[in-house]
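Novice: the following block contains a protein sequence and its predicted model.
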Amino acid sequence: MAVELKILAWACVLLLVHIFAAAHLKTKQYGLKWNTGARDENLPPLDPVGGRLVRAQANFLETFPIAIIVLFGVVVAGRTSEWTAIGGWLWLVSRALYLPLYGLGVPVVRSLAYLASMIGLCIVFKAFVAG
C-alpha cells in the first residue's frame, strides 16, 4: 500500500480524535441529556478549552479535503515519491501537534504547526500537478 494512503488512514484516526475530544468537553459542560437530545436549546458559550477544541476540529476539516485530494491524487496519478511521503507526513504530524497546542492555548507555536502542515500539503500538491 502506498504510504500516502496510510497517511490518509491515520488522518481518519486523527479526525476521530478531534471529534471525540470536542464532544467530550461539550458533554462535560452541557451534560449527557444535551448530548443524547435534539440539541435545540440555546446554550451558553463553551468554556475556553472546549471552544478551542471545537475550533481546532473545524480547522482540521478545512484542510482534510485538500489532503485527501492531493494524497489520493498522487497515488492514482502514479506520482508518489519520497517527497510526497515527506509532505504527507509533515502535514499529518503537524496537524496532530496542532490539536493539543490549540487546546492548551499555545500561541505562535500553534500557528507554526499550521504553517508546517500547509507546507506539507504544498509539497504534495506540487507533485500532483507537475508534469
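Specialist: Structure's in. What do you need? Numbers count the residues shown, from 1 in each chain.
Novice: ok, Thr27 to Phe20 distance?
Specialist: 10 Å (Cβ to Cβ, to the nearest Å). C-beta: built from backbone N, CA, C; applies to glycine.
Novice: whoops, Leu43 was the one
Specialist: For Leu43, the distance to Phe20 - Cβ to Cβ - is 19 Å.
Novice: so where do the strands sit in this structure?
Specialist: Per DSSP state E, the chain carries no strands over any range.
Novice: need the contact partners of the lowest-mean-pLDDT helix or strand in it.
Specialist: Ranking every helix and strand in the chain by mean pLDDT, DSSP states H and E puts helix 32-36 at the bottom, with a mean of 90. Helix 32-36 is contacted from outside by 23, 26-27, 41, 43, using Cβ atoms under 8 Å, 6 or more residues apart in numbering.
Novice: those helices in this protein, which residues are they?
Specialist: 3-30, 32-36, 48-76, 82-103, 109-129 (DSSP state H).
Novice: need the winner for burial among the ones you listed.
Specialist: By mean neighbour count, with neighbours taken as mean count of other Cβ atoms under 10 Å, helix 82-103 ranks first of the helices of the chain at a mean of 20.
Novice: what ranges in this structure fall below the confidence cut-off?
Specialist: Of all residues in the chain, those with pLDDT under 70 make up the ranges 131.
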